[in-house]
Each structure stands twice: as structure tokens, then as C-alpha cells.
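>>> what's the 3D shape of this:
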Amino acid sequence: MYPTLAEVLDLPVLRAAAPRVRAGSAGLDVRVRWVHVSEQRNPAGTLSGGELVLSIGVAVADPSCDPAAYIAALRDAGAVGLVIELGQHVRALPTGLVQAARAMGFPLIELARTVRFIEVTEVVHAQILNSQYARMQFTQRVHDTFRTLTVESGEVSRVLTEAAALTGLPV
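Next up, the predicted model:
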């Protein structure tokens, strides 16, 4: 299962950067399929949906950037949120950016402290991949169990017992 945006923000690597949700807090339960680092103002074609975008604010620091168009482009490209690290490029999130994200209900998070984006992506991607691997292992175990029962013409009681063991629930 993919982690929620709230779960990603609660990871120690991000908590250490003092994240502050500036907009879209109602969307923190959305699932994060991947983490993507981008400074592009128009991410169309670079995202495939479900990505949390990490940025140091290059795009929003550009005076020609239209904050509403930028947030809309991220949303339309499938991003589930934008995290901007305050520092070298932006000392504070532009008011227009925060207002645009609020108007669209798009999660916008600022980081007060520096974080190595590679550490964020490694932790989140490992969590996602480990979850997918565990699901694949479970699927294989179910397949093997029921294939064996089919070959052995398993009794109904044994099928029920195996199903209960696999699900951890009464059957």
C-alpha cells in the first residue's frame, strides 16, 4: 500500500526539516505513489500521477512565474502535493502561491530546514517498494497454497483452514 502524504511528512527525515502545511491539509490522506524532484514550472509529461514533488523553489522564485498556473500545472500533471524547501531560492513562500494552492485544495508544504532530497526519496521509495514486494510475496503464497490444495483435491475443511490462516480471519 502506498503511504499517505501525512505518513510521508511524518517520516523522521522530513520531520527533521520542520514541515509546515500551508495549504491543502484536507488532502493529506492522498496516497503517494512516488517522490519526484522538479524545478520545472510546467511538469506536463514528467509526471504520471500520484507523485509528491520536492523543490528548492527555483520555479516560484522566478518573477515571471504565475503561481496559480504553476499549482494548476502540478495538479493537472497528477502531482499529489508540493514540498518547497525554504532557503537559497525562496526565504518564504510567495503569498500568491499559498493562495492559489488553498483555492485549489492542493497540498503545499514548506520545509524550514534543509533536507537532502536524496534521503527523502530513498526512504519513501524503499517504503513503497518494500510494501509492493510484501504484497507480491503474499500473492505467491496464496497461489502456492491453493494450487497445492487443487492438486491434492483438498477437503473443504482444509481449504477453509488455509484461507483462515492466510487472511488471519475466521472463514
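>>> Once you drop chain neighbours, what's closest to the residue positioned nearest the centre of the chain?
The centre of the chain sits closest to residue 32, judged by Cα atoms, centre = their mean, with a distance of 1.8 Å. Nearest in space to residue 32, with sequence neighbours left out and distances taken as Cβ to Cβ, 6 or more residues apart in numbering, is residue 52 at 4.8 Å. Any C-beta I mention is one placed from the backbone N, CA and C, and that applies to glycine too.
>>> Do I have it right that residue 89 meets residue 58?
Yes: counting by Cβ atoms under 8 Å, residue 89 touches residue 58, with 5.3 Å between them.
>>> What lies in contact with stretch 16-30?
4-6, 9, 80-81, 83, 85, 93, 98, 101-102, 104-115 (Cβ atoms under 8 Å, 6 or more residues apart in numbering).
>>> Restricted to helices, list those residues.
Counting by DSSP state H, the part of these found in helices is 5, 6, 9, 98, 101, 102, 104.
>>> quick one: buried residues of the helix ranked longest in the chain?
With secondary structure taken from DSSP H, the chain has its longest helix at helix 117-151. Buried residues in helix 117-151, counted by 16 or more other Cβ atoms under 10 Å: 117, 120, 121, 123, 124, 127, 128, 145.
>>> Compute the number of surrounding residues for the nearest residue to the last one once chain neighbours are set aside.
Okay, so that is residue 145. In this structure, residue 145 finds its nearest non-sequential neighbour in residue 162, 5.3 Å apart by Cβ to Cβ, 6+ apart. Using other Cβ atoms under 10 Å, residue 162 has 17 neighbouring residues.
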